Structure formats: structure tokens, C-alpha cells
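> my questions are about this predicted structure, shown below with the sequence.
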Amino acid sequence: MSAQTSPLELGRKVAEQRRRRGWSQPELADRLGKPVAWVSRLERGLAPVDGSPILLRLVGPPEPGDLRPRRPGQAQAAQVQALRQILDCSPAYRPRSGALSVRSDADRHFLAATVWDLTVGGRYDELALFVGDLLPVLDATLRTAPRHLEPGLHQLTAGCYQACSGALAKLGDYEGAALAADRALAAAECADDPVAVAAGAYLLVCILIDARRHDAALTIAAAASEALQGVAAGGSWTAISFRGALTLLCALASARAGNTARALEYLSRARVMAGRVNYSIGDHVIGFSADHVALYEIAISIESAALVRAEQTDGEEA
């Protein structure tokens, strides 16, 4: 999509993607953090586009959902503190003894599902208590577990830190979110699981983009995508979806850094990958499909148009 896309054409594409996903204008407005009237004007080609971070709110970062707080001021200091105490190994936090155990694969799957449910439900107080209890148990279990059980335990550890990262980012603590995402990456690497590493990298890249660290985001996303090449070539839908989603983040980071040509190149690669993904499977795994490529095209068009306007303004002032 050209940087010269007209506001009317852009609005039409936004409305089309909104309807395809079954969202009402109020629902899209809530995701964007904008008034409903602004969305209405946008779809009619009347709203000025200022290059705001429309993308991550439209498409959503990796599950468990949009990393940005939907409304400023909703962050809960007590929840942030509880999650931070886990990351900081604070002496103020004492896990409840004997509350949890990981004796089998069934235990591990149940615990992972519980972490997921608490995170998706936004129950961050309970998440902090649960993960705070679970991580010491996992650490102790890893010291004595048979070697063949270690990868699964590391995967669960990575999932705990990913949950903390998503919660902290949602609460507005991006520094803590980045720290938790880095811990998740380390645990996934111990599990020797390229897809789990990619999941951690995806989360970290979203946080870096929010923090405007576009070069670092591009470096991590490109490396994680490349690491998945072999698994994706083997036909893994999950690997293809993560690789495509990381490629879209490469496109966004490039656009935010002012390199439109490189952004369009990454979009082209992602479009090819989307053609290989079964829609229902891809959408369930990470939210990657042809629809998501189209939404990123819209966002990158917005970024590129904003860059052109800024350059024109600078030229006029000079």
C-alpha cells in the first residue's frame, strides 16, 4: 500500500477489516482508545491520521491481548508491586508452602492452563499469588527431576514469565514487562523449544515497539523469525504463524524507524506466509492470517503517510 493512500481509501479498508472481524464501531473505538465519533469519521475519510500506534490496538499483540492499557489510569499499583516482587525475588514475598506440586504431565498442563486463564481474565492479583507460589516449586522440582521431564518444566516456567510480562505491560509497567519477557526467553531456550523462544521474542518485541526502541525490536524479531525457518519449513502451523507474526512486527518496526521500503518488503514476505496458514489454526495460535497482514498494511500506510507529512513540514520550515 502506498504512502499516498487517500484518507477515503484508508477509511474504507479500516471499515472492511472491522466488519470482517465482527467488531462494531464502539468495539473498535475501545480497542483504539478513541471516541466512537473519531472511528466514524476515520471510516468516512474525515478523521486526520496522526501516526498514532493504531496497529497494536487494532490487531492485538500476542495473546493474552493488547499490551497497552486501554484507558490511562487503570494501572493498579498493588498489582504491579505484587508482580514485581516475584521478578525481584523480594524478601517481602513468601510463597505459601505446600500449595502446589508438579508430579506429572497432567499437573503441568493443569498449571499452565490456570496461568493462562488468570492472565486472559485480567485477574492479576490471583496471577501474582499463583505464579509466586509456582515458580519456587518449579525451581525446586528442576533440581531433582529426570532429564526427560526438564523441557516441560522449563516451558511452564517460560509460560509463567510470559504471563507476568503480559500483565505488567497491560498495567503500564513496560520496564517490568521487558524484564519478565527476557526471563521467559531464557527459560524457553533452556527448554530447547524454538516456538516457545519465538513466543517470548514476540512479546518482547511488542514491548520494545511500544517503548519506541525500533532498532532493537527489529533485530530481535528478525533473529527469532530466522530461527523458526527450519521448523516452519517442516510444515508446523504454529511455527509458520509465529514466523509470519514476527515478520509483521519487522515491517512495523521498519516503518516506525522511517524505512518504508524495508517495511513493504517484510509485508510481502508475510503475505506469502499467510497463504500457507490454515486460517482457523493460525488465528487460534497467534492471530496471524491474511486479515492480519491487511491490517498491518493499513497501519504501515498510516506510519508512512505521517513520515511523508513530517518530511514535507521540515522542508517547508527549512
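Perfect, thanks for sending it.
> and the helices in the stretch 201-318 of the chain?
For the stretch 201-318 of the chain, the helices defined by DSSP state H, counting those that start in this stretch cover 214-227, 229-233, 237-256, 260-274, 279-285, 290-317.
> mean pLDDT lowest where, among these?
Lowest mean pLDDT within the helices of the stretch 201-318 of the chain: helix 279-285, at a mean of 41.
> kindly reformat the helices of the stretch 201-318 of the chain as CSV containing distance to residue 190 and mean neighbour count.
The C-beta positions use only the backbone N, C-alpha and C, and glycine is treated the same way. Below are the helices of the stretch 201-318 of the chain laid out as CSV (distance: least, CB to CB, whole Å; neighbours: other CB atoms under 10 Å):
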stretch, distance to residue 190, mean neighbour count
helix 214-227, 15, 20
helix 229-233, 18, 15
helix 237-256, 19, 27
helix 260-274, 28, 19
helix 279-285, 22, 16
helix 290-317, 30, 18
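> so for residue 125, which of these sits nearest?
helix 279-285 (28.0 Å; CB to CB).
> want to throw the helices of the stretch 201-318 of the chain into TSV with distance to residue 144?
Output for those, formatted as TSV (distance: least, CB to CB, whole Å):
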stretch	distance to residue 144
helix 214-227	31
helix 229-233	31
helix 237-256	31
helix 260-274	42
helix 279-285	33
helix 290-317	43
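> residue 27 is nearest to which of those helices?
Comparing the helices of the stretch 201-318 of the chain by CB to CB, helix 290-317 comes nearest, at 14.6 Å.
> right, and the helices of the stretch 201-318 of the chain - which one's nearest residue 23?
Per CB to CB, nearest to residue 23 of the helices of the stretch 201-318 of the chain: helix 290-317, 11.5 Å.
> tally of neighbours for residue 88?
Per other CB atoms under 10 Å, the neighbour tally for residue 88 reads 13.
> report pLDDT for it.
Looking at residue 88, its pLDDT reads 80.
> and residue 212, by the same measure?
Per-residue pLDDT puts residue 212 at 81.
> might one say that it is in contact with residue 256?
Yes - taking contacts as CB atoms under 8 Å, residue 212 lies within contact range of residue 256: 7.4 Å.
> now what about stretch 18-26, what contacts it?
28, 31, 36, 39, 40, 43, 291 (CB atoms under 8 Å, 6 or more residues apart in numbering).
> quick check: buried residues in that stretch?
Neighbour-count burial for stretch 18-26 flags 18, 23, 25 (criterion: 16 or more other CB atoms under 10 Å).
> restricted to helices, list those.
Under the assignment DSSP state H, the buried residues of stretch 18-26 contribute 18, 25 to helices.
> for the buried residues of stretch 18-26, which one is nearest residue 107?
Of all the buried residues of stretch 18-26, residue 107 sits closest to residue 23, with 38.2 Å by CB to CB.
> could you find the closest non-adjacent residue to residue 257?
residue 214 (4.2 Å; CB to CB, 6 or more residues apart in numbering).
> returning to that earlier point: including distance to residue 120 and pLDDT, could the buried residues of stretch 18-26 go into CSV?
Listed next are the buried residues of stretch 18-26 as CSV, based on distance: CB to CB, whole Å; pLDDT from 0 to 100:
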residue, distance to residue 120, pLDDT
18, 23, 73
23, 18, 73
25, 25, 80
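> ok, residue 126 - contacts?
Residues near residue 126 by CB under 8 Å, 6+ apart: residue 118.
> separation between it and residue 118?
5 Å (CB to CB, to the nearest Å).
> residue 77 now?
Relative to residue 118, and taking CB to CB, residue 77 is found at 19 Å.
> more neighbours, these two?
residue 118 (21 against 9).
> how far away is the more buried one from residue 250?
On the measure of CB to CB, residue 118 and residue 250 end up 31 Å apart.
> cool, residue 226 as well?
Distance, residue 226 to residue 250, by CB to CB: 10 Å.
> same check on residue 153?
Residue 153 is 32 Å from residue 250, by CB to CB.
> before we move on, what about residue 134?
33 Å.
> next: residue 203.
15 Å.
> residue 157 now?
27 Å.
> same deal with residue 121?
31 Å.
> same question for residue 194.
Where residue 250 is concerned, residue 194 sits at a distance of 17 Å (CB to CB).
> equivalent analysis for residue 269, please.
8 Å.
> then residue 26?
Going from residue 26 to residue 250 by CB to CB gives 32 Å.
> pLDDT score for residue 57?
48.
> again, but for residue 194
Value for residue 194, per-residue pLDDT: 83.
> these two touch, right, it and residue 226?
No - look at residue 194 against residue 226 with CB under 8 Å: they stay out of range, at 10.5 Å.
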